[in-house]
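J.: I would like the atomic coordinates for the input below:
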Amino acid sequence: MSMEHNEKYIFEAEWYDKIACILKKFYLYYYPFDNTVELFDIKTRKTFLRRTKCEGIQAKDFYVGATVAIFSRNIRITDYADSTTRTKLQTKMQKTFAIIKPTVVGKLGEILKYIVASNFHVANIKMVKLTQEQATDLYKDKEEATIAYIVNYLTSGPIVALELLGDHAITHWQELMGPEDPSEAIAKAPSSLRACYGKDSIHNAVYGSDSEEVAEKELQCFFPNPKTSKKGPANTATLENCTCCIIKPHAVQAKLTGNIIDDVQKAGYTISAVQKFFVNPFDAEEFLEVYKGVLPDYAAMVGELQSGPCIVMEIKHKDDKYDVQGEFRKLCGPMDPDIARQIRPDTLRAKYGKTKVQNAVHCSDLPEDGILEVEYFFKILDNS
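T.: This is a model prediction of the structure:
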């Protein structure tokens, strides 16, 4: 056997077993050569999962702080378990914190496409409304005179907070944003985000942490560890005149989030809340219960929804008289992507769906379901 075959990364990991209410701790072995994983239970000193192939995960999904879905169990990686793994991965993969500011939230899809095309992995996403205090905290190093303007702008509407992961993420994101003043950005870095989307040095589209320490602190504030009782900023769901859209795990994994959001926004819809969720088997069954005994694919749909992170959105329309739920369903297209490609080729499922189960998006079926489904995620699951 060559070294490549046996090369492995070893992490310390944990999984909260909700049914037994215990936190299990593991050594997680990952073998890049054949994309296999193995779990060793630290307490019982027994193999919990023999080395096995795991669909839908890749080498880049393994880093400290990541949550990986292994057979519907959301396993959180807490540390490196040996120095080889640490040396190999720590220098390379880095996380940073980024914000998409109020005036460009309407271009979220376009910006996400650009971020992903620039080799970033969007590890977390949440739309929030900043308080004066949170906004001031982000810019406490700025001169007094400009802080008031910046804080006013940042609290003027929702922002989208992101955890970005990539090689040398902090400097790479700074380069991608470009100089703070968009006119300087246009001259020096014409393809940067601030050159493309910024108006002036306050309304300059995006924000990013400027060091590892700052990134760590800001990520903890916006995306706190689920084990701590700390709550991040509240979501922005309005729970009225809305419908629900879920970008399914297979589409998130295939990096289609930006494309789907861009299509939704270009079709004239407003995304009034967005957040990444890991749905456990119990919640997946409960959420999809209306299809039980109705659709033959019910079990497979439950399996898909819990197979990895999904991205949930509250969708609205500027016009209050608009049938947002009915019209949005038309944009999603027929449940079966093959049929969608024949009769409605420009719908989301025609463009991004693979099979009836992996059909890119879930959308609310009935008018009254829209609010209920949004509530399920943004009110019940987000606060549990």
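J.: in this protein, where is pLDDT below threshold?
T.: Across the chain, residues meeting the criterion (pLDDT under 70) sit at 1-4, 91-92, 227, 384.
J.: outline the domain layout of it.
T.: Split into domains by automatic domain parsing, the chain comes to 3-90, 93-222, 243-383.
J.: dump those domains into CSV; add mean neighbour count and distance to A237 as well.
T.: C-beta coordinates here come from the backbone N, C-alpha and C atoms, glycine included. What follows is the domains of the chain, written out as CSV (neighbours: other C-beta atoms under 10 Å; distance: least, C-beta to C-beta, whole Å):
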stretch, mean neighbour count, distance to A237
domain 3-90, 16, 22
domain 93-222, 18, 9
domain 243-383, 19, 4
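J.: out of those domains, which is closest to N235?
T.: With C-beta to C-beta as the criterion, N235 lies closest to domain 243-383 of the domains of the chain, at 5.1 Å.
J.: what's the first-to-last distance across the closest one?
T.: Using C-alpha to C-alpha, to the nearest Å, the span of domain 243-383 from its first residue to its last is 20 Å.
J.: that one: how far from the chain's middle?
T.: Taking C-alpha atoms, centre = their mean, to the nearest Å, the mean C-alpha location of domain 243-383 is offset from the chain mean by 15 Å.
J.: if we can go back for a sec, make JSON lines out of the domains of the chain and add distance to A234.
T.: Listed next are the domains of the chain as JSON lines, based on distance: least, C-beta to C-beta, whole Å:
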{"stretch": "domain 3-90", "distance to A234": "21"}
{"stretch": "domain 93-222", "distance to A234": "7"}
{"stretch": "domain 243-383", "distance to A234": "8"}
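J.: how about the ones you listed, which one is nearest S229?
T.: Judging the domains of the chain by C-beta to C-beta, what sits closest to S229 is domain 243-383, at 12.0 Å.
J.: can you give me the distance of F97 to S272?
T.: To S272, F97 is 22 Å away according to C-beta to C-beta, to the nearest Å.
J.: I should have written G65 there, sorry.
T.: Applying C-beta to C-beta to G65 and S272 gives a distance of 28 Å.
J.: K330 too?
T.: K330 sits 20 Å away from S272, going by C-beta to C-beta.
J.: check A20 too.
T.: 37 Å.
J.: equivalent analysis for E327, please.
T.: Plainly put, E327 is 16 Å away from S272 if you go by C-beta to C-beta.
J.: all helices of the stretch 151-300 of the chain, in order?
T.: Secondary structure of the stretch 151-300 of the chain, counting by DSSP state H, counting those that start in this stretch: helices at 169-177, 182-188, 193-197, 212-222, 249-253, 257-266, 281-287, 298-305.
J.: how about the second one as CSV, C-alpha atoms only?
T.: Taking only C-alpha atoms (Å, rounded to 0.1, in the frame of the first residue of the first chain), the coordinates of helix 182-188 have been written out as CSV:
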residue,chain,number,x,y,z
PRO,A,182,-15.3,52.3,-4.0
SER,A,183,-13.8,55.0,-6.3
GLU,A,184,-10.3,53.8,-5.2
ALA,A,185,-11.5,50.2,-5.7
ILE,A,186,-12.6,51.0,-9.3
ALA,A,187,-9.2,52.4,-10.0
LYS,A,188,-7.1,49.7,-8.3
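J.: so which elements touch it?
T.: The elements that helix 182-188 packs onto, with contact taken as 3 or more C-beta pairs under 8 Å, 6 or more residues apart in numbering; DSSP states H and E, are helix 193-197.
J.: could you dump the helix it packs on to PDB, C-alpha only?
T.: Below are the C-alpha coordinates for helix 193-197, written out as PDB (Å, rounded to 0.1, in the frame of the first residue of the first chain):
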ATOM      1  CA  LEU A 193     -17.000  43.700  -4.800                       C
ATOM      2  CA  ARG A 194     -16.700  47.300  -3.700                       C
ATOM      3  CA  ALA A 195     -15.800  48.400  -7.200                       C
ATOM      4  CA  CYS A 196     -18.900  46.600  -8.500                       C
ATOM      5  CA  TYR A 197     -21.400  47.300  -5.800                       C
END
